[in-house]
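Participant: prediction below, plus the sequence it came from.
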Amino acid sequence: MLPEQLGDKLHQVSENVQVVKKRASRAVYRGSSIPLDIEAMDEFFTNGLDTFPMVADSIFAPMDQYLMDRVDQGKANRWPLPSERSSPAVAAGRWLATGELSVMVMQNSGFSNAMEYLRTVMLVHKIPGFVLSMWRGHDAEIDDSEPHILVGDVTDIDNKNTVGKENVKGRRNGIGLLHDLRESIDLAKGGRLVCFRASPSGFRKSYPLREVTDAEIRYLDMDYYEARKTEKGRPFRKVQAEPLRTRDEAIKDTWETIMDEDPIVVTGNGYPPRTFQALRLTRYSFENAGGMGSSLAIAWGAAKSNPEQNFVAIDGDQNAVMSEMEKVLSSDYPPNLRWFILNNGTGESVGTARSLPLSPIHYDMAYVINTKNEKPGSFKYPRINASGLKFDTEEAQELARNIGNLPAQAHLGRRLLGEMQALREDRKREDAWTAHGILEGGFPKL
């Protein structure tokens with residue numbers, strides 16, 4: 001045998017030994033020491049994380065069944081979304097309304113959908129959160145799907161480039177899954193935006209899938225849709241028959257329509273939040289300067305999480321078209337949520353670009369107001385900053401100096417929402433005292 005042939009042979013033997021070692025290691029690791037799927041899920045529930053905005057995934061399937069069964073028992077929230085894109089905004093809304101974290105479940109192939117709002121909503125405003133990404137294509141010897149392998153190879157890069165290397169946990173081989181999961185939960189509870197990757201090698205599938213009965217299938221309920229259309233929308237022809245208003249006039253009219261409901265107002269993105277801030281209409285607002293098309297998802301997540309508080313989303317038409325949450329409203333429209341769209345048919349904050357026209361569902365699910373286009377370059381209000389009614393206190397100004405103007409919009413909004421909740425509780429107590437004759441002139445009798 002020639003020397004080069006001998007070298008090739010030895011190289012092949014070495015490669016075969018490595019494959020055997022890898023398979024043997026995997027076989028040992030797949031023993032009883034590997035946690036069950038429900039053990040991993042219980043880590044979330046034990047730590048008070050019970051709400052899951054999500055997109056379904058085959059790796060997550062037994063955990064999802066466990067989750068759905070807990071939902072049926074009233075022990076968890078499972079919010080299926082059109083895609084991963086809306087999940088960070090919905091999670092931001094839940095945090096805004098309650099201060100609580102959500103578990104954003106997604107496929108690693110869909111992580112790129114979520115990257116936009118992870119960056120422009122959560123990171124820009126320093127909102128904590130927890131991403132649970134399934135690691136498809138973690139091992140080419142097990143998963144022979146070429147798209148999965150490709151996505152599996154770029155998962156680590158995408159995760160780390162988005163939320164930062166120090167906030168990414170979970171190993172490709174799955175070793176130490178529970179340890180890494182607990183560390184990730186602690187980081188998120190400490191105020192970080194964390195991504196945990198769950199490799200299928202890291203847990204054993206044990207929870208059985210059950211057959212879905214015909215009675216469990218949710219079809220479109222046209223009676224529900226028509227009721228929401230009547231309650232929340234405005235007929236197209238009625239909108240078109242009204243005279244055009246300026247943006248300022250439309251926002252003031254909107255505020256007059258909703259002010260008696262004591263709402264938290266989420267405005268975004270472009271000129272509407274800048275106008276809302278400058279008009280100083282209320283302290284109870286979140287001027288969302290990031291995440292184009294995200295405001296409805298934020299308000300929806302907030303309304304679902306805090307049903308006693310009213311929430312209003314105000315969008316321009318381009319932001320409204322960029323949202324995908326109108327699909328959700330058609331079957332799940334919280335009664336404490338309203339959506340307003342200021343429609344001038346262009347994207348004025350980016351020039352004179354003509355918009356894609358609003359669709360029928362926008363008129364069905366939102367209160368649309370047609371507005372005038374201004375002369376290019378005439379918009380007079382500054383970018384989002386530490387101004388507006390809610391920044392009138394030294395405490396609010398100090399918060400903005402410490403964490404930045406944009407994060408302060410969200411964090412001050414969270415504080416003020418808690419303040420509004422406390423006022424609501426005070427009103428309830430006063431009403432109860434009055435009803436029992438123990439309150440006179442606004443003060444308890446001595």
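Facilitator: Structure's in. What do you need? Keep in mind that what you see is a predicted model, and the values were worked out from it rather than measured.
Participant: how is the chain carved up into domains?
Facilitator: As recorded under automatic domain parsing, the domains making up the chain are 37-202, 222-426.
Participant: so which of those is nearest residue 215?
Facilitator: In terms of CB to CB, the element of the domains of the chain nearest to residue 215 is domain 37-202, at 12.8 Å. Heads up, the C-betas are built off the backbone N, CA and C, glycines and all.
Participant: end to end, how far does the closest one reach?
Facilitator: 9 Å (CA to CA, to the nearest Å).
Participant: picking up where we left off before, and the domains of the chain as TSV, adding mean pLDDT and distance to residue 212?
Facilitator: TSV is the format used below for the domains of the chain (pLDDT from 0 to 100; distance: least, CB to CB, whole Å):
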stretch	mean pLDDT	distance to residue 212
domain 37-202	93	10
domain 222-426	95	17
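Participant: adding mean neighbour count and distance to residue 434, write those out as TSV.
Facilitator: Listed next are these as TSV, based on neighbours: other CB atoms under 10 Å; distance: least, CB to CB, whole Å:
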stretch	mean neighbour count	distance to residue 434
domain 37-202	20	28
domain 222-426	19	12
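Participant: can you put the ones you listed in JSON lines and add distance to residue 435?
Facilitator: Listed next are these as JSON lines, based on distance: least, CB to CB, whole Å:
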{"stretch": "domain 37-202", "distance to residue 435": "28"}
{"stretch": "domain 222-426", "distance to residue 435": "15"}
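Participant: quick one: the helices in the stretch 151-300 of the chain, in order.
Facilitator: Remark: helices assigned in the stretch 151-300 of the chain by DSSP state H, counting those that start in this stretch are 177-189, 222-232, 236-241, 247-258, 271-279, 295-305.
Participant: out of those, the one nearest residue 388 is which?
Facilitator: Taking those one by one with CB to CB, helix 271-279 is closest: 4.1 Å.
Participant: which other helices and strands does that closest one contact?
Facilitator: Counting contacts by 3 or more CB pairs under 8 Å, 6 or more residues apart in numbering; DSSP states H and E, helix 271-279 is packed against helix 247-258, strand 264-268, strand 285-288, strand 311-316.
Participant: if we use 10 Å, what do you get?
Facilitator: helix 247-258, strand 264-268, strand 285-288, strand 311-316, strand 337-343 (3 or more CB pairs under 10 Å, 6 or more residues apart in numbering; DSSP states H and E).
Participant: of the domains of the chain, which approaches residue 432 most closely?
Facilitator: So among those, domain 222-426 is nearest, using CB to CB, at 10.7 Å.
Participant: chain center to that closest one, what's the gap?
Facilitator: A distance of 16 Å separates the centroid of the chain from that of domain 222-426, by CA atoms, centre = their mean, to the nearest Å.
Participant: so how far is the first residue of that domain from its last?
Facilitator: Start-to-end, domain 222-426 (CA to CA) is 40 Å.
Participant: now swap in stretch 277-297 and tell me
Facilitator: 20 Å.
Participant: any idea how far residue 170 lies from residue 335?
Facilitator: Separation of residue 170 from residue 335 (CB to CB, to the nearest Å): 38 Å.
Participant: actually, residue 113.
Facilitator: Residue 113 is 29 Å from residue 335, by CB to CB.
Participant: other SSEs contacting the longest helix along the chain?
Facilitator: What stands out as the longest helix in the chain, according to DSSP state H, is helix 405-435. Applying 3+ CB pairs under 10 Å, 6+ apart, one finds that helix 405-435 contacts helix 87-98, strand 264-268, strand 285-288, helix 295-305, helix 394-403, strand 439-440, strand 443-444.
Participant: hmm, back to that, nearest to residue 216, of the domains of the chain?
Facilitator: The nearest among those, by CB to CB, is domain 37-202 at 9.5 Å.
Participant: check the offset of stretch 89-97 from the chain's centre.
Facilitator: That offset, for stretch 89-97, works out to 6 Å (CA atoms, centre = their mean).
Participant: so who does residue 115 touch?
Facilitator: Taking CB atoms under 10 Å, 6 or more residues apart in numbering, we find residue 115 in contact with 84, 85, 88, 158, 159, 161, 162, 163.
Participant: residue 267 contacts residue 316, correct?
Facilitator: Yes: the criterion here is CB atoms under 10 Å, and residue 267 meets it with residue 316 at 9.4 Å.
Participant: need the residues touching each of these two.
Facilitator: 273, 295, 342.
Participant: no more questions from me, cheers.
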